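J.: quick check, what structure comes out for this input:
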Amino acid sequence: MGYDKPDVSIVIPVYNSSGCLSELVRQLTTTLEHLGNSYEVILVEDASPDNSWAVITELVPHYPHVSAIRLMRNVGQARATLCGLAHARGGIVVTMDDDLQHRPNQLPKLLEALDTRPDIDCVFGVFKRKRHSAYRNLGSRVIRRLNSHGSGLPADTDYSSFRAMRREVAAAILAHNTQNPVISYLIFSVTSHTMAISVEHDDRYSGLSNYTLGKQLRLALDNITNVSMLPLRAVSVMGFGACFLSLILVCVVMIRYFYHQITVPGWTTVIILISFFSGTILLSLGIIGEYLVRVLREVRGSPTYLVRERIGIDKTGIEDVAINQRRVSSQWVTP
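T.: A predicted model of the protein is given here:
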């Protein structure tokens, strides 16, 4: 690929999607060729356990505008997306999933919205009807509500991983120093000029979704603890409530004591208090510990991701973005 900057960069994290990639690239290139804009497609293979990288190495030589990056270990969708953003050169940067649920033929809607609204920095493609299982849709709604409370965003704020942003927004996201990026919230933190438009949502082209209910809950915890103090504040409220209930209990016990209604003094009260406060203390320590672990990860300065190899990307002048945007040592990168 040359040094001329394309109009549009498409960043796609890849994980367990060997059966989708050929059709994904075909549909993407067809859509982008019809638009007439110069473009690049960057596939970031996130140490997938299937043969996704083998499929990618066969695809790239046949598509001159497609390049690929292979990571040394699995780092998750958000970090893999950051890697793609760091290598993207387009004036508009699009992120999307690899399973064809984000339909390539819906991409022009996002680009048109940015083109017609110069005051908008980022456009999210949201779905009229999600083609997920009922339990996952329910879980997504609950988690979205928790995320909204945790981040301070309105509950009706629409966003997704299918988004088109201007180059300045992508650069601002990369400037954040975090080991646990939540890209949608990073976007909201750098600009208030966003909008959402409706797009079609397809069934997964092949294979099974990588997002189990457990992973969704873990992602929700990551989102809340990364962008908000809500859990710590909740612990403070619980502590205040525990003190208030304890005061009431003391009053009740004192009244019964003075009226000689306590037949076995102390035993019941002690058991209740020990059980209640032990649970509250352990819960509080767990939440505080979660924050401490995240702080430790941040101050260690570990790289956000490590690149094993690249295909179709000019290495000259390109840096891997690690914590504090430091260069990853060349010993980690295979030419």
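J.: residues near the nearest residue to P104 once chain neighbours are set aside, how many?
T.: With Cβ to Cβ, 6 or more residues apart in numbering as the criterion, P104 has its nearest non-adjacent residue at 4.1 Å, and that residue is Q27. Every C-beta, even on glycine, is put in place using the N, C-alpha and C of the backbone. Neighbourhood size, Q27 [other Cβ atoms under 10 Å]: 16.
J.: from here on, call the first residue 44.
T.: From this message on, residue numbering opens at 44, which makes the last subject Q70.
J.: is Q70 in a helix, a strand, or coil?
T.: Under DSSP: H, G, I helix; E, B strand; the rest coil, Q70 falls in the helix class.
J.: how about it, what does it touch?
T.: 143, 146-148 (Cβ atoms under 8 Å, 6 or more residues apart in numbering).
J.: a markdown table for these, including pLDDT, secondary structure and neighbour count?
T.: Shown next, in a markdown table, are the contacts of Q70 (pLDDT from 0 to 100; DSSP: H, G, I helix; E, B strand; the rest coil; neighbours: other Cβ atoms under 10 Å):
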| residue | pLDDT | secondary structure | neighbour count |
| --- | --- | --- | --- |
| L143 | 88 | coil | 21 |
| R146 | 90 | coil | 17 |
| P147 | 92 | helix | 19 |
| N148 | 92 | helix | 14 |
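J.: just give me the closest of those residues to N223.
T.: For these, the residue nearest N223 by Cβ to Cβ is L143; the value is 27.7 Å.
J.: that closest one and L64 touch, don't they?
T.: No. Contact status for L143 versus L64: not in contact, 9.6 Å apart, counting by Cβ atoms under 8 Å.
J.: reformat the contacts of Q70 as TSV; add distance to L78.
T.: Compiled in TSV, these are given as follows (distance: Cβ to Cβ, whole Å):
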residue	distance to L78
L143	19
R146	15
P147	11
N148	11
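J.: helices of the stretch 44-193 of the chain, start to end?
T.: Along the stretch 44-193 of the chain, the segments classed as helices by DSSP state H, counting those that start in this stretch run 64-78, 95-102, 120-130, 150-159, 177-194.
J.: so which bits of the fourth one are buried?
T.: Right, the one you point to is helix 150-159. Residues of helix 150-159 classed as buried: 150, 152-154, 156-157 (neighbour count, 16 or more other Cβ atoms under 10 Å).
J.: now do the first one
T.: Within helix 64-78, the residues that qualify as buried by neighbour count (16+ other Cβ under 10 Å) are 64, 67-68, 70-72, 74-75.
J.: kindly report the same for the shortest one.
T.: For helix 95-102, the buried set under the neighbour-count rule, 16+ other Cβ under 10 Å, comprises 95-96, 98-99, 102.
J.: count of neighbours near the closest residue to R353 other than its chain neighbours?
T.: With Cβ to Cβ, 6+ apart as the criterion, R353 has its nearest non-adjacent residue at 5.3 Å, and that residue is I112. I112 has 27 neighbours, counted by other Cβ under 10 Å.
J.: correct me if wrong: R132 contacts I53.
T.: No. With contact defined as Cβ under 8 Å, R132 does not reach I53; the gap is 11.6 Å.
J.: shared neighbours of the two, which are they?
T.: With contacts taken as Cβ under 8 Å, 6+ apart, the residues that reach both R132 and I53 are E83.
J.: which one of these two is surrounded by more residues?
T.: Set R132 next to I53 and count neighbours by other Cβ under 10 Å: I53 wins out with 28 against 17.
J.: ok, then the element right after the helix or strand bottoming out on mean pLDDT in the chain?
T.: For the chain, using mean pLDDT, DSSP states H and E, the weakest element among its helices and strands is helix 177-194, scoring a mean of 57. Under the assignment DSSP states H and E, the closest C-terminal helix or strand after helix 177-194 is strand 206-209.
J.: other residues contacting that following strand?
T.: With Cβ under 8 Å, 6+ apart, strand 206-209 has contacts from 134-138, 150, 153-154, 156-157, 164-168, 227, 230.
J.: try it again with 10 Å
T.: 51, 53, 128, 133-139, 145, 150, 152-158, 161, 163-169, 212, 214-216, 226-227, 230, 233-234, 236-237, 239-240 (Cβ atoms under 10 Å, 6 or more residues apart in numbering).
J.: helices and strands around the helix or strand that contains A213, which ones?
T.: A213 belongs to helix 210-217 when assigned by DSSP H and E. If contacts are counted by 3 or more Cβ pairs under 10 Å, 6 or more residues apart in numbering; DSSP states H and E, helix 210-217 sits against strand 51-57, helix 120-130, strand 135-138, strand 165-170, strand 206-209, helix 226-233.
J.: those: which one's closest to L328?
T.: When those are ranked by proximity to L328 (Cβ to Cβ), helix 226-233 comes first, at 26.2 Å.
J.: name the next helix or strand downstream of the closest one, please.
T.: Next along from helix 226-233, by DSSP H and E: strand 237-242.
J.: pull the residues that contact that next one.
T.: So strand 237-242 is contacted by 145-146, 148-150, 152-153, 155-157, 160, 162-172, 199-203, 205-208, 212, 227, 230-231 (Cβ under 10 Å, 6+ apart).
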